[in-house]
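> Need coordinates for the following:
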Amino acid sequence: MKPRRAIALLLFLLIALPAASQGTDTQDVEEPEKSQDFFLIPILETAFSGNVRWRPDWPADIPPDGFSVLQENLSLEKRLPSVIELSSETEKFTVKRDGKGRLIAFPFFLANGYANVEAAYAATDALRNMTISMKNYAAGDDDAQAEEKTWKITFPANFLPFSDLSPGGSFPPLKITSDEDIFHVFIFESPAFLTETWYDGEGEMLVFCKAFINRDDKAWRIRSLQIHGDGGLQTEDYHFDSYGNITEVHFEDKVFSAIYRDSRPSYWMNDLQYELQWDTQGILTVVKAVGEPEDSYIEYRYEYERNVDGNWVRRREIAMRTISDLLVPQPSYSRGIWNRRIVF
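Below you'll find the model as predicted:
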């Protein structure tokens, strides 16, 4: 039996019994003793899709149109910018594409921070390597001091799931290094799901993640995640509208949701309820945030500087708050200025 086929069979036996379906009882699954900070499959989904889409679990201060451009005024060859750099006084996020439109740099937002991702591809569009720089904010730290960690990932040849290059089953292990730590990650592909299993340098299993997949032509999207770690079974569920926008992200203890109009969010719920107003050109003009109690109503208004194509390159936020039934400017509530550098 060939080594790849043998590994595929072993992994199939490991995953098929405990998680044959989303409704399977997982009480008998032996949970690993350690957990992992992040998972590759959601980042791979973004890399292979070529798009950095806003989703309702993003941080509230990130402009929902920060990584998109207005299409109406652009010629065909300018509708996919090679660089969009979004920056504030404290943060900078970069989306960069190569000559084939592939994402070679992009941000990925996490529950307690974000990752800056850099990727390199083979001529076949398969991933060759990736560098993920994590920036996690310590809970309860008012100064928002960040802890940074970098993961360097080497992919096996022809790593392109759900493509003609992939025969399905188990890929050769991915090698991941972080400082002095070495990890090996096994990716297993079936027609309906991907799995991701982490091992440390001593061969001890750390965490197992199973992603149920929706496939459309050559694209694939994550429908649900099942994560088996030291905290037991955790699940994440995703729902989409007919245009592919994420309408709901359901974690164990929290739900983020959004309603879209023309693929732009018009209603959004996370910790607060937001109503977003866009002008006829697709520029965000007003965000109304309502909390509990309702007297915590805040309205954010926006002023822009634009380039010759009509895309904004500078956004200033003006915060207003209801006091005695009057809408009064509240500069201390403003989340500052965002700048954009757009290169075609």
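
> where's S166, which helix or strand?
Per DSSP states H and E: S166 is located in neither a helix nor a strand.

> so how far is R316 from it?
Distance, S166 to R316, by Cβ to Cβ, to the nearest Å: 47 Å. C-beta here means a position set from N, CA and C on the backbone, and glycine is covered the same way.

> go on, T154?
The separation that T154 has from R316, given Cβ to Cβ, amounts to 43 Å.

> What of S257?
28 Å.

> before we move on, what about L160?
43 Å.

> which element is the residue nearest the centre of the chain on?
Of all residues in the chain, the one closest to the mean position by Cα atoms, centre = their mean is F108, 4.4 Å from it. For F108, the host element (DSSP H and E) is strand 103-110.

> So which bits of the helix or strand hosting K210 are buried?
Using DSSP H and E, K210 sits within strand 205-216. Neighbour counts over strand 205-216 (16 or more other Cβ atoms under 10 Å) mark M205, L206, V207, F208, C209, K210, A211, F212, I213 as buried.

> which residues does the fifth one contact?
With Cβ atoms under 8 Å, 6 or more residues apart in numbering as the criterion, the residues that contact C209 are F39, I41, T195, E196, T197, L225, Q226, I227, H228.

> Show the pLDDT at it.
pLDDT for C209: 97.

> Distance of N129 relative to D57?
Going from N129 to D57 by Cβ to Cβ gives 27 Å.

> and those two? which has more neighbours close in?
Just comparing N129 and D57: by other Cβ atoms under 10 Å the higher neighbour count belongs to D57, 20 against 15.

> Relative to D237, how far out is that one?
12 Å.

> overlap in contacts of the two?
Taking Cβ under 8 Å, 6+ apart as the criterion, D57 and D237 both touch V249.

> And P56, how far from K288?
Taking Cβ to Cβ, one finds P56 at 16 Å from K288.

> out of the two, which sits in the busier spot?
P56 (22 against 16).

> Mind pulling the model confidence for that one?
With respect to pLDDT, P56 scores 97.

> Then G310?
G310 carries a pLDDT value of 90.

> I323 too?
Model confidence at I323 (pLDDT) stands at 81.

> Low-confidence ranges, the stretch 101-250 of the chain, go.
In the predicted model of the stretch 101-250 of the chain, residues 137-147, 218 satisfy pLDDT under 70.

> Try it again at 90.
The model of the stretch 101-250 of the chain has pLDDT under 90 over residues 111-113, 135-149, 167, 216-219, 229-232.

> More neighbours: L160 and R316, which one.
Between L160 and R316, counting by other Cβ under 10 Å, L160 is the more crowded of the two (18 against 13).

> In contact with the residue nearest to the more buried one when sequence neighbours are not counted, which residues?
In this structure, L160 finds its nearest non-sequential neighbour in A126, 4.2 Å apart by Cβ to Cβ, 6 or more residues apart in numbering. By Cβ under 8 Å, 6+ apart, the contact list for A126 reads F155, A157, N158, F159, L160, S163, L165.

> most neighbours, which of those residues?
F155 (25 neighbours).

> Hmm, T124 and that one touching each other?
No: using Cβ atoms under 8 Å, F155 makes no contact with T124, being 11.9 Å away.

> I342 - how many residues pack around it?
For I342, using other Cβ under 10 Å, the count is 18.

> Pop out the phi and psi values for it.
Main-chain dihedrals, I342, degrees, to the nearest 10: phi -120, psi 120.

> Heading C-terminal from the helix or strand hosting E45, find the next helix or strand.
Taking DSSP H and E as the definition, E45 sits inside helix 40-49. Next along the chain after helix 40-49, taking DSSP H and E as the criterion, comes strand 83-87.

> which strands and helices sit next to that following strand?
strand 92-97, strand 337-343 (3 or more Cβ pairs under 8 Å, 6 or more residues apart in numbering; DSSP states H and E).

> Show residues contacting it.
For strand 83-87, contacts defined as Cβ under 8 Å, 6+ apart pick out 62-63, 66-67, 69, 92-97, 338-343.

> Filter these down to the buried ones, ChimeraX style.
The buried residues among these can be selected in ChimeraX (16+ other Cβ under 10 Å) with this line:
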select :62,63,66,67,69,93,94,95,96,97,338,340,342
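
> so what's the nearest residue to I298 once chain neighbours are set aside bridging to?
Of all residues not flanking I298 in the chain, A289 sits nearest, at 4.6 Å (Cβ to Cβ, 6+ apart). When bridges are called by DSSP bridges, A289 pairs up with Y274, I298.

> okay, the angle between the helix or strand hosting S133 and helix 40-49?
S133 is part of strand 127-137, with elements assigned from DSSP H and E. Strand 127-137 and helix 40-49 are oriented at 120 degrees to each other (axes from the mean of the first three to the mean of the last three Cα atoms, to 10 degrees).

> by contact count, what packs against strand 127-137?
Using 3+ Cβ pairs under 8 Å, 6+ apart, strand 127-137 sits against helix 40-49, strand 103-110, strand 113-121, strand 146-159.

> Show residues contacting that strand.
Here strand 127-137 makes contact (Cβ under 8 Å, 6+ apart) with 37-38, 43-44, 47, 108, 110, 112-122, 144-155, 159-160.

> Buried ones in it, by neighbour count?
Buried residues in strand 127-137, counted by 16+ other Cβ under 10 Å: L127, R128, M130, I132, M134, K135, N136, Y137.
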